[in-house]
Structure formats: structure tokens, C-alpha cells
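Novice: Sequence and predicted structure are below.
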Amino acid sequence: MSTDTVATRPSTPTRSSTRSPWRSARTYVGALIVLVWGLGPFYWMAVTAFRDPAYTFDNNPLPSHLTLENFRNAFDTSRGNDFGRAVLNSIIIGAATTVIALIIGTMAAYALARISFRGKTLVSGLILSASMFPVVVLVTPLFQLFTDIGWIDQYQAMIIPNISFVLPLSVYILASFFSELPWELEEAARIDGASRFQAFRLVMLPLAAPGVFTTAILAFIAAVNEYLLASLLSGDHTKPVTVAIAFFTGNDPNVAPYAAIMAAGVIISVPLVIMVLLFQRRIISGLTAGGVKS
């Protein structure tokens, strides 16, 4: 009686099993370098913000001589600093810029992604080229224009230029998002009797909510971080935080209060970091969602 024997082949090692441990080590080392490079300045700012002003230039990398005096000095108005008002100004400027840029940007992005018209490629190129235009070239013309019409130290003098800088970014992100949304839903709404605007407002815009949310966060951060134009077009009543921190004064007018400046930087940075961490899932979904699964 014979028995059939089946020859067994040695299993081929998978790609994961043959992956060199050195390659994994290089990946982790590279990620660590990027992490330290990105978070190192923020860590040093936080350490200095909580350190006694007398030890501002101490080279100890670990927190030492801890105090909250720097945060009190940041909000102290006795030296001519009005950091609280500057925070409110930044919120007003950033919120107004974001809302207007989103209203215009969503409609422009929808038109570029969904509607075919003559010169569409040219319009897209002009919008992208506007985002690369150097800001320093606009400083003198805008300063002269806003001086002539009496807009210096007015919110609109910073909101309108910020919109021109934020709008191309908003259109670029939202146009890519709208172009990846399913056409079938819009066509079904049109067949049911909806106009193009109704299909946009009732069907496509709710689907694009993650992309709109992502664009709003990026636009707000970009508006708050603007410094060059704000330093020339703002005044005592409309000065945002970027300008207010740069003009901080201490007990000695010839010495910059670095510890108070670091404390003000922490006050501004931490809420933005927390906001991004809390809504990181929405941000990621806004950048990746919308594709039609095959």
C-alpha cells in the first residue's frame, strides 16, 4: 500500500519579516529628530515663561526657579502694554477674515470644481499665483491707500489684506475637496428639481463640512500669525498679538522683557495647539475625505 507524500515548500519570508531592524531604527530616529526640531523651540519658550525673570538666561534645559510672575507681567498695563486688548483684536481680525474667506472661497471652489466655463484654467492659475505674491511689495501701496481714506488703526485695514492672502489657500483646499465628492448626489438633486445653488447649499455643502472645517482652522491661524502688514496698518486700538508682543516694554526701556514675551507666546500658542489636537480627526478627515471608494 503506497502513500502519496506531498512535498512541502519552505515558506517565502514576507516583506515585513525580512525588513531590516536598522531600517526601522532609522525611521524612529528620523521621526525623533523632526519631533525635537519642531517642539524644541516651544519647549524652551514654555520653560522660560515659567522661570523667574532673574534667571531668564539660565542655560539649564530643565524647568527651574518656577514662578507665574511672567504671566502677570504679560497682562500688566502699567508699562503701556495691553496684551488683553491685543488678544481680543486678533480674535476679531482672525474670525472676520475666516468667515468672509470661507463664504467667498466655498462658492469659488465649487464653481472651479463643478462648473465648466471659458478661462477656468486661467482663473485657477491666477488664484494660485496670488498666494505666492510677496507681501512686502504691497506694504507701501496699502499704507498709502489706507492713509488717504482714513483706515489706519481700523479693523478693515487688516481684515481686507488678510482675506486676499487667506482666500487662495481656502479656494485651493476646497476645490480639491469638491472635485472628489460624488457627482451622483448632485445630479440626483438636480433631477428632483433643485437648482444648482440649492444642490450646492443643501447637498454638497453639508458633505464638504470636514473640508470647510479644516480650511477654517488653517485660515484662522494664518490670519492670526500675520505680522508685517499689521505692524504698519494697526494702532493702539487695533494692534493684534503679533505686534503687541514685538513692542512689549519692561522696567528698563532699553532691555526687552524676554520672560514676559515668552509667557505671552505660551498664552497664544497653547489654545491653538489644543484646538488642533482636539479636532485633529476632523482636520485629517477634511484633508482625506470626499473620495469615491471603488
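Specialist: Received the coordinates, thanks.

Novice: in the protein, which spans are helices?
Specialist: 21-49, 69-74, 83-114, 120-131, 136-148, 156-180, 183-191, 196-199, 205-207, 209-225, 228-233, 241-246, 258-278, 280-288 (DSSP state H).

Novice: State the mean pLDDT of the last one.
Specialist: What that stands for is helix 280-288. The pLDDT scores in helix 280-288 average 64.

Novice: likewise the third one?
Specialist: The predicted model assigns helix 83-114 a mean pLDDT of 92.

Novice: other SSEs contacting that helix?
Specialist: helix 120-131, helix 156-180, helix 209-225, helix 241-246, helix 258-278 (3 or more CB pairs under 8 Å, 6 or more residues apart in numbering; DSSP states H and E). For the C-beta atoms, the positions are set from N, CA and C on the backbone; glycine is no exception.

Novice: and with 7 Å instead?
Specialist: Helices and strands touching helix 83-114, by 3 or more CB pairs under 7 Å, 6 or more residues apart in numbering; DSSP states H and E, are helix 120-131, helix 156-180, helix 209-225, helix 241-246.

Novice: Hey, what's the angle from the third one to helix 156-180? Just curious.
Specialist: Helix 209-225 and helix 156-180 are oriented at 150 degrees to each other (axes from the mean of the first three to the mean of the last three CA atoms, to 10 degrees).

Novice: possible to save the helices and strands packed on helix 83-114 as a markdown table with distance to Asp192, mean neighbour count and mean pLDDT?
Specialist: Listed next are the helices and strands packed on helix 83-114 as a markdown table, based on distance: least, CB to CB, whole Å; neighbours: other CB atoms under 10 Å; pLDDT from 0 to 100:
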| stretch | distance to Asp192 | mean neighbour count | mean pLDDT |
| --- | --- | --- | --- |
| helix 120-131 | 27 | 13 | 83 |
| helix 156-180 | 20 | 21 | 89 |
| helix 209-225 | 21 | 20 | 88 |
| helix 241-246 | 49 | 21 | 91 |
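
Novice: TSV please, covering those and showing distance to Ala264.
Specialist: TSV is the format used below for the helices and strands packed on helix 83-114 (distance: least, CB to CB, whole Å):
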stretch	distance to Ala264
helix 120-131	29
helix 156-180	19
helix 209-225	13
helix 241-246	5
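
Novice: Of the ones you listed, which is nearest Ile104?
Specialist: When the helices and strands packed on helix 83-114 are compared for distance to Ile104 using CB to CB, the nearest one is helix 156-180, at 6.2 Å.

Novice: returning to what we had before: of the helices of the chain, which is nearest Asn60?
Specialist: With CB to CB, the closest approach to Asn60 among the helices of the chain belongs to helix 21-49: 8.4 Å.

Novice: thinking again about what came up before, would you mind giving the helices of the chain as TSV with distance to Phe57 added?
Specialist: As requested, the helices of the chain are exported to TSV (distance: least, CB to CB, whole Å):
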stretch	distance to Phe57
helix 21-49	9
helix 69-74	14
helix 83-114	23
helix 120-131	40
helix 136-148	32
helix 156-180	34
helix 183-191	61
helix 196-199	61
helix 205-207	53
helix 209-225	27
helix 228-233	27
helix 241-246	19
helix 258-278	8
helix 280-288	36
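
Novice: Can you check which of these gets nearest to Pro61?
Specialist: With CB to CB, the closest approach to Pro61 among the helices of the chain belongs to helix 21-49: 7.3 Å.

Novice: What residues sit buried inside that closest one?
Specialist: Going by neighbour count (16 or more other CB atoms under 10 Å), the buried part of helix 21-49 is Met45, Ala46, Val47, Thr48, Ala49.

Novice: Could you chop this structure up by domain?
Specialist: In the domain annotation for the chain, the residue ranges read 23-71, 81-247 (the TED database).

Novice: Hmm, Ile221 is touching Leu272, no?
Specialist: Yes: in this structure, Ile221 sits in contact with Leu272. The criterion is CB atoms under 7 Å, and the distance is 6.2 Å.

Novice: What is the nearest of the buried residues of helix 21-49 to Gly84?
Specialist: Compare each of those with Gly84 using CB to CB and the shortest gap goes to Ala49, at 16.9 Å.

Novice: So that closest one sits against Asn70, correct?
Specialist: Yes: judged on CB under 7 Å, Ala49 makes contact with Asn70 at a distance of 5.5 Å.

Novice: Could you pull up the contacting residues of the residue lying closest to Val135 once chain neighbours are set aside?
Specialist: Nearest-residue entry for Val135: Leu228, 5.5 Å, with adjacent residues in sequence omitted and distances by CB to CB, 6 or more residues apart in numbering. If you count contacts by CB atoms under 7 Å, 6 or more residues apart in numbering, Leu228 has them with Val135, Val136, Val139.
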